[in-house]
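Peer 1: sequence and predicted structure are below.
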Amino acid sequence: GQATALIEVAKARDEYFNETGIYVPICSDGGIVHDYHITLALAMGADFLMLGRYFARFDESPTEKVNINGNYMKEYWGEGSTRAKNWQRYDLGGDEKLSFEEGVDSFVPYAGSLEDNVGLSLSKVRSTMCNCGYLTLPELQKNAKITLVSSTSIVEGSAHDVLLKDSRQIF
């Protein structure tokens, strides 16, 4: 849904630009957790991104790291969630309250420190762009081909029929 919305809004934005000469930047807001989500949103036409869930995974986020079923996670609440609405910045004054919940109160996979990850994420975006043959965001946005794939094809396209070694092992 977010991808379709972004693609359709970018198409309308580009048509508007061609008609008026006015460029309206687009924000991709929602669902970005992993590095590749950043590149996909940029390829679909986003000029900038909301990265709440992406940043919530790091040590520097204000929530505690918890162990859930052997996996480390960080608490996360979307900006439209009940928890976020209880913060002072959502106070509308008087008796008015926000009447519905848009976000979720959940957990995201823990990813370590911000310092160790942001540079790596940016390198992955640049690498993906280069692998596609594009050096600039406008080239990526104009020429990228987004292909819908099944979950089975993702499994089949990864390393299979092998036992992966832990790269941290020393022999």
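Peer 2: Ah, there it is.

Peer 1: residue 128: how many residues sit nearby?
Peer 2: 19 (other Cβ atoms under 10 Å). (Each C-beta comes from the backbone N, C-alpha and C, glycine too.)

Peer 1: would you agree residue 3 is in contact with residue 148?
Peer 2: No - contact criterion Cβ atoms under 8 Å: residue 3 and residue 148 do not qualify, at 9.0 Å.

Peer 1: these two: which has the busier surroundings?
Peer 2: Neighbour tally, residue 3 and residue 148, criterion other Cβ under 10 Å: the higher count belongs to residue 3, 16 against 6.

Peer 1: which element is residue 42 on?
Peer 2: helix 35-43 (DSSP states H and E).

Peer 1: then residue 8?
Peer 2: Residue 8 belongs to helix 2-20 when assigned by DSSP H and E.

Peer 1: which other helices and strands does the next helix or strand after that helix contact?
Peer 2: For helix 2-20, the succeeding helix or strand toward the C-terminus, using DSSP H and E, is strand 27-29. The contact analysis (3 or more Cβ pairs under 8 Å, 6 or more residues apart in numbering; DSSP states H and E) places strand 27-29 against strand 48-50.

Peer 1: and the one residue sitting closest to the centre of the chain, how far from residue 146?
Peer 2: The residue lying closest to the centre of the chain (Cα atoms, centre = their mean) is residue 32, at 1.4 Å. Distance, residue 32 to residue 146, by Cβ to Cβ, to the nearest Å: 15 Å.

Peer 1: and what of residue 61?
Peer 2: Computed with Cβ to Cβ, the distance linking residue 61 and residue 146 is 30 Å.

Peer 1: contacting residues around the helix holding residue 8?
Peer 2: Outside helix 2-20, the residues within contact range by Cβ atoms under 8 Å, 6 or more residues apart in numbering are 22-24, 26, 28, 30-31, 40-41, 44-46, 141, 146.

Peer 1: residues of stretch 18-27 that come out buried?
Peer 2: Neighbour counts over stretch 18-27 (16 or more other Cβ atoms under 10 Å) mark residue 26 as buried.
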